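Undergrad: let's see this in three dimensions:
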Amino acid sequence: PPPPLFGRCNTTHGLLPFTASPTYYRQTSLFFGMYVIEYCFIINSVPEDRILPSTCYKANDPLAKMELYANETLRSAVKGFYVKAAGSSSRTVLASWGPQGTNTLKVNLNWADEEANGSVVCVAIQKPYTMDDLCLGAPGQCIVSLFNRDIGDSCCPFFSTTSI
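TA: As a prediction, the model looks like this:
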């Protein structure tokens, strides 16, 4: 079952035209300094004919945001996000957390389908901490959810990911 933070939306897979890769990779941060490692997720698109009908998704809804089930006691170790939409230049984004007690780390994206397909979202974490320290849930896994909107009837399929 999904972590409690995803209970406010429809977590069914196949409702959105976006997926998070089952693995993430690490890279040295060029943006946040040599004491920071970035852990990167690749976002891809799902063909339109494979999207399940639902009330939470409407054609052309954006990839509004990505959330991670994360240990909020490590807030100070998360330096931000490095994001790169397909066909665009990269940018850094400040880390954003849900309300105290929700263990929700999030980044707003607002990407259209063509921007989301092949895009990269990286979480920048201060050494000595790693994704294994940050992610809650099963050991060695990180739970990521993709959202098409922030309010109302939203879709938010979640994906269990592991390190390459």
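
Undergrad: which SSE is the nearest residue to Gly118 once chain neighbours are set aside in?
TA: The shortest distance from Gly118 to any residue other than its chain neighbours is 4.2 Å, reached at Ala86 (Cβ to Cβ, 6 or more residues apart in numbering). Bear in mind the C-beta positions are built from the backbone N, C-alpha and C, glycine included. When elements are assigned from DSSP states H and E, Ala86 belongs to no helix and no strand.

Undergrad: check Ala86 and give its pLDDT.
TA: At Ala86, the predicted lDDT confidence score is 95.

Undergrad: what about stretch 142-157, start to end distance?
TA: Using Cα to Cα, to the nearest Å, the end-to-end distance of stretch 142-157 comes out at 14 Å.

Undergrad: any buried residues in it, and which?
TA: If you call a residue buried by 16 or more other Cβ atoms under 10 Å, then stretch 142-157 has these buried ones: Cys142, Ile143, Val144, Ser145, Leu146, Phe147, Asn148, Arg149, Ser154, Cys155, Cys156, Pro157.

Undergrad: the first one bridge partners, please.
TA: Translated: Cys142. Thr161 (DSSP bridges).

Undergrad: and it, how far is that from Thr55?
TA: 29 Å (Cβ to Cβ, to the nearest Å).
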